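Undergrad: Predicted model, plus sequence, below.
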Amino acid sequence: MSMGNIIVAQSGGPTVAINASLAGVIEGAIASKYDKIYGSINGILGIKDDNIIDLGKIANSDPNFLTKLKTTPAMFLGSCRFKLPSVESNDPIYNTLFAQFEKYNIDAFFYIGGNDSMDTVDKLSAYARQKESHIRFVGIPKTIDNDLCVTDHTPGFGSAAKYIATTTMEVIYDAQIYNSPSVTIIEVMGRDAGWLTAATSLARNEYCPGPDLIYLPEVPFNTEIFVNDLSRLLKQKTNIVVAVSEGIRDAAGEYISASTGTLDNFGHAQLSGAGKTLEYLVKDRLGVKVRSIEVNVLQRAAAHISSLTDINESVLLGKNGVKFAEDGVTGVMVIAKRTSNSPYTIEYDYAKIHDIANEAKEVPKEWINADHNWVTDDMLEYLRPLILGEPKLEYSNGLPVYVNR
């Protein structure tokens, strides 16, 4: 028996694994009772502007499409950073969106994204309840920041963590070649949560000695203690490598980096250079060679060094989202529940979107050492399974082959 059609969109920042979740939704829908699978270009705005494509037709026209899509970085459907007004505002955009859902005979809407995208799912599902609409609204998690609540971890994080750890190792190898005192500061994304910066800890192993210090935004950052940490280490070794989150703050809650004074559409402060700020501080106070490296967007879509665990789990999250909607579930986000670290196993479930939207999951304080400059074994045990495995990529002329949007 037909259940109507589905529509899926992507939103927020790109990752290595968000297209794998899209592929999972498409595969799940093909195997379901739904008829057509539509895609909205540039997030929720594609629905508003009637910029819709037939994903089922695309998938059927190319037998290799879904395979390549799973390992293609960034977002096949494009993105947006659009904040829906409150449901109570009675803004006409809701009538527009639901008229579009009716036009395309939509039974379920899937939004693949991070915290702000889950806010959109929460509002749409609330409006649907108010209007007694039959449409199911399901969030599929995505963010390299790993800061969505309830779920054990988010798709995209494992691959970004793998890239960060590998890059940190390579920076350390580079720094070690000279015999003159030096400090290298690696600035990693993470305004409010230090998960990605914590992943630099994975670089320390039997053949790589660092990084030496790690600073996360969950605990206050003290510049005097930072300088003292460096001074102490420079007496023991020549080259120091430090990892810092872009959002580190002092005891008063002020960002170490300068704010640009502007906010994005969701009210987040736009930051400018924690690493560069500390570079100038070290140069002034210690007088050693110092450089800062801002990894920036490189950590978001490095598909050439992605995690197979991350890709596979992202596909399954998408598939399970379709299954839950088919079962009549709405107003939820699909989640991963870790059932074991060794061997690593997870289960898939869902949680109420209202308990997730506009909340942020920080690194547990007990996973940060007493000196606030490294992480504990609990963090390492949590991180290690998420970066395992390497997906098989197709190459042409020495470069990976991705889906042509």
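TA: In hand now; what should we look at?

Undergrad: Met75 is in contact with Val16, correct?
TA: No: contact criterion C-beta atoms under 8 Å: Val16 and Met75 do not qualify, at 10.9 Å. Backbone N, C-alpha and C define where each C-beta goes, glycine included.

Undergrad: Same drill for the two, tell me which one is more crowded.
TA: Legend: neighbour count by other C-beta atoms under 10 Å for Val16 and Met75, higher for Val16 (32 against 24).

Undergrad: I'd like the distance between the more buried one and Asp310.
TA: Remark: distance between Val16 and Asp310 (C-beta to C-beta, to the nearest Å) = 7 Å.

Undergrad: hey, what's in contact with both of these two?
TA: Common neighbours of Val16 and Asp310 (criterion: C-beta atoms under 8 Å, 6 or more residues apart in numbering): 156, 159.

Undergrad: now do the same end-to-end measure for stretch 88-108.
TA: 23 Å (C-alpha to C-alpha, to the nearest Å).

Undergrad: Could you do stretch 303-310 as well?
TA: Start-to-end, stretch 303-310 (C-alpha to C-alpha) is 11 Å.

Undergrad: Report the buried residues of it.
TA: Within stretch 303-310, the residues that count as buried by 16 or more other C-beta atoms under 10 Å are 303, 306-310.

Undergrad: Of all pairs in those, which one is the farthest apart?
TA: Longest distance between any two of the buried residues of stretch 303-310 is 14.4 Å, between Ala303 and Thr309; criterion C-beta to C-beta.

Undergrad: low-confidence ranges in this structure?
TA: 1-2, 258-272, 405 (pLDDT under 70).

Undergrad: Domain ranges for it, per the record?
TA: 5-155+303-359+388-400, 158-299 (automatic domain parsing).

Undergrad: Distance from the chain centre to the longest one, please.
TA: In terms of C-alpha atoms, centre = their mean, to the nearest Å, the centre of domain 5-155+303-359+388-400 is found 13 Å from the chain centre.

Undergrad: Tell me who's in contact with Gln100.
TA: Contacts of Gln100 by C-beta under 8 Å, 6+ apart are 47-48, 50, 106.

Undergrad: Pretty sure it sits in a helix.
TA: Yes: with DSSP: H, G, I helix; E, B strand; the rest coil as the criterion, Gln100 is located in a helix.

Undergrad: thinking again about what came up before, if burial is judged by neighbour count, which of the contacts of Gln100 pass?
TA: Buried among these (16+ other C-beta under 10 Å): 47-48, 106.

Undergrad: Please, which helix or strand holds Thr345?
TA: strand 344-352 (DSSP states H and E).

Undergrad: Now that strand: buried residues?
TA: 346, 348, 350-351.

Undergrad: quick one on the thing from earlier: just give me the closest of the buried ones among the contacts of Gln100 to Ala29.
TA: Using C-beta to C-beta, the buried ones among the contacts of Gln100 come closest to Ala29 at Ile106, 12.0 Å.

Undergrad: Surely Leu233 touches Asp212?
TA: Yes: between Leu233 and Asp212 there is a contact under C-beta under 8 Å: 5.7 Å.

Undergrad: between the two, who's got more neighbours?
TA: Asp212 (22 against 17).

Undergrad: Flag every buried residue along the helix or strand hosting Arg232.
TA: Element membership for Arg232, per DSSP H and E: helix 223-234. Residues of helix 223-234 classed as buried: 226-227, 229-230, 233-234 (neighbour count, 16+ other C-beta under 10 Å).

Undergrad: With stretch 51-66 instead?
TA: So, applying 16+ other C-beta under 10 Å, buried residues of stretch 51-66: 52, 55-56, 58-59, 65-66.

Undergrad: Same question for stretch 22-39.
TA: 22-29, 32, 34, 36-39.

Undergrad: ok, of the residues you listed, which one's closest to Val363?
TA: Gly24 (27.7 Å).

Undergrad: Can you tell me how far the residue lying closest to the closest one once chain neighbours are set aside is from Asp192?
TA: Closest residue to Gly24 apart from its sequence neighbours, by C-beta to C-beta, 6 or more residues apart in numbering: Gly318 at 2.4 Å. To Asp192, Gly318 is 26 Å away according to C-beta to C-beta.

Undergrad: Equivalent analysis for Ser89, please.
TA: 27 Å.

Undergrad: Can you say which helix or strand has the residue lying closest to Trp374 once chain neighbours are set aside in it?
TA: In space, and not counting its chain neighbours, Trp374 is closest to Ile214: 5.3 Å by C-beta to C-beta, 6+ apart. Taking DSSP H and E as the criterion, Ile214 maps to strand 213-215.

Undergrad: Quick check: neighbours of that strand in the sheet, parallel or antiparallel?
TA: strand 239-245 (parallel) (DSSP bridges).

Undergrad: tilt between the strand it pairs with and helix 223-234?
TA: 150 degrees (axes from the mean of the first three to the mean of the last three C-alpha atoms, to 10 degrees).

Undergrad: and for strand 239-245, what are the contacting residues?
TA: 168, 171-172, 175-176, 178, 181-191, 194, 196-197, 200, 210-217, 230, 233-234, 274-275, 278.

Undergrad: quick check, distance from that strand to the centre of its chain.
TA: 22 Å.

Undergrad: which parts of it are buried?
TA: 239-245.

Undergrad: wait, what's in contact with His134?
TA: Here His134 is in contact with Asp107 (C-beta under 8 Å, 6+ apart).

Undergrad: which element is it on?
TA: Per DSSP H and E, there is no helix or strand for His134.

Undergrad: Now do it against Asn95, distance only.
TA: In terms of C-beta to C-beta, His134 sits 17 Å off from Asn95.

Undergrad: again, but for Asp377
TA: Taking C-beta to C-beta, one finds Asp377 at 54 Å from Asn95.

Undergrad: between these two, which one's more packed in?
TA: Asn95 (12 against 9).

Undergrad: what ranges do the strands span in the stretch 201-350 of the chain?
TA: Counting by DSSP state E, counting those that start in this stretch, the stretch 201-350 of the chain has strands at residues 213-215, 239-245, 258-263, 269-272, 289-294, 332-341, 344-352.

Undergrad: Of all those, which one is nearest Phe324?
TA: Closest among those, using C-beta to C-beta: strand 344-352, at 5.3 Å.
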